[in-house]
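Engineer: structure here, sequence nowhere to be found:
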């Protein structure tokens, strides 16, 4: 089950695969056990690589630092060097946060810091236990264009891909990726691409907040309930194969009792997200082999409406870059909005196609190649 969900195979090693899961699950009182003797060199090198890929290198450093997992002197030095490089990168991202805050404040733009930049301070005992690669900022839809343009202009930055059609990102998109030198700033409007991103009640994300400190200043993050929900979306619908850091984030937030079962279920009801919460909780319980008596276990047993199960399938296919937009048409509210959404899918702007290096014909051929095998595979 674990290897299938995480996309891992017997290479680089079964031992490394098993150990990285135990590292990610460390501290949650499950039955997964860390090694009681140092791994051999090949297995340990593979473990460090997996820990970096899954963004749990900080968790590995923590279990080694407390003596919960023995290593040789050479292995300790290797891990310390890798962790040190990541922490230097994290400091550079935090410097970008300070600069980003100043730009958004100058333009009167409301925002929330999300994902690793916030979680490492809000839910982990030591920020170094949660490494991350990018700065993730969420802004309201009606300020999305202003935030993007002000950040791109101030930093002399570039965006990776043009939007499908003018105004699409502001109304329907998830994020725009802004390259600031060697760093990436992900400017979010909602939690995920596709239908479940379109049913989030976005105004609720700004009704409450938590704060964390960097350099003697406080920065705004999501409120406790939204923080838990965002972790569910990342665990259920984020990377495919998923990263262990997403499951660890959710389990850590749950362990801190930042929200309660009734609040989560009520939010899932409003956001039409039972499938998201149920899948996130199930994956976390299954991969970490957690006791089902707690809140995550209860959420894993949450009934999921048939329509949401159908929407969920659009995220779990290799053709998801096309199946998610198609499924989104079923939840876009209003006839005019559906027409705008469909038009963007069927006839992307020249700027979008050029940014992908595609022609209109290639766009269509690629969609057909991805979608037709996916449909046959379900037959």
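Structural biologist: Received the coordinates, thanks. Values in this document were obtained by computation on a predicted structure and should not be read as measured data.

Engineer: do a quick rundown of the strands in the protein.
Structural biologist: Assigned by DSSP state E, the strands in the chain fall at 112-114, 135-138, 158-159, 175-180, 183-188, 209-214, 217-222.

Engineer: buried residues in stretch 26-42?
Structural biologist: 26-28, 30, 32, 35, 38-39 (16 or more other Cβ atoms under 10 Å). C-betas here are computed from N, CA, C, even on glycine.

Engineer: my bad, stretch 231-249
Structural biologist: Quick answer for stretch 231-249 (16+ other Cβ under 10 Å): 231-238, 242-249.

Engineer: same check on stretch 185-195?
Structural biologist: Buried residues in stretch 185-195, counting neighbours by 16+ other Cβ under 10 Å, are found at 185-195.

Engineer: so can I have CSV of the strands of the chain showing distance to residue 330 and mean pLDDT?
Structural biologist: What follows is those, written out as CSV (distance: least, Cβ to Cβ, whole Å; pLDDT from 0 to 100):
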stretch, distance to residue 330, mean pLDDT
strand 112-114, 26, 98
strand 135-138, 25, 98
strand 158-159, 29, 87
strand 175-180, 22, 95
strand 183-188, 23, 97
strand 209-214, 32, 97
strand 217-222, 27, 98
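
Engineer: out of these, nearest to residue 296?
Structural biologist: Nearest to residue 296 among the strands of the chain is strand 217-222 (19.0 Å), distances taken as Cβ to Cβ.

Engineer: can you give me the buried ones in that closest one?
Structural biologist: 219-222.

Engineer: what's the most distant pair in these?
Structural biologist: 219 and 222 (11.7 Å).

Engineer: joint contacts of these two?
Structural biologist: residue 118 (Cβ atoms under 8 Å, 6 or more residues apart in numbering).

Engineer: identify the residues contacting stretch 113-127?
Structural biologist: By Cβ under 8 Å, 6+ apart, stretch 113-127 touches 55, 58, 62, 90, 93-94, 97, 112, 128-138, 188, 210, 212-214, 219-222, 227, 230-231, 234, 245, 249, 252-253, 256, 258.

Engineer: buried ones among those residues?
Structural biologist: 55, 58, 62, 90, 93-94, 97, 112, 128-138, 188, 210, 212, 214, 219-222, 227, 230-231, 234, 245, 249, 252-253, 258.

Engineer: just checking, what packs against the longest helix along the chain?
Structural biologist: Counting residues, the longest helix found in the chain (DSSP state H) is helix 73-106. Where contact means 3 or more Cβ pairs under 8 Å, 6 or more residues apart in numbering; DSSP states H and E, helix 73-106 is packed against helix 41-53, helix 57-65, helix 116-122, strand 135-138, helix 144-155, strand 183-188, strand 209-214, strand 217-222.

Engineer: export the ones you listed to CSV and tack on distance to residue 298?
Structural biologist: Formatted as CSV, the helices and strands packed on helix 73-106 follow (distance: least, Cβ to Cβ, whole Å):
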stretch, distance to residue 298
helix 41-53, 30
helix 57-65, 25
helix 116-122, 23
strand 135-138, 28
helix 144-155, 35
strand 183-188, 29
strand 209-214, 24
strand 217-222, 22
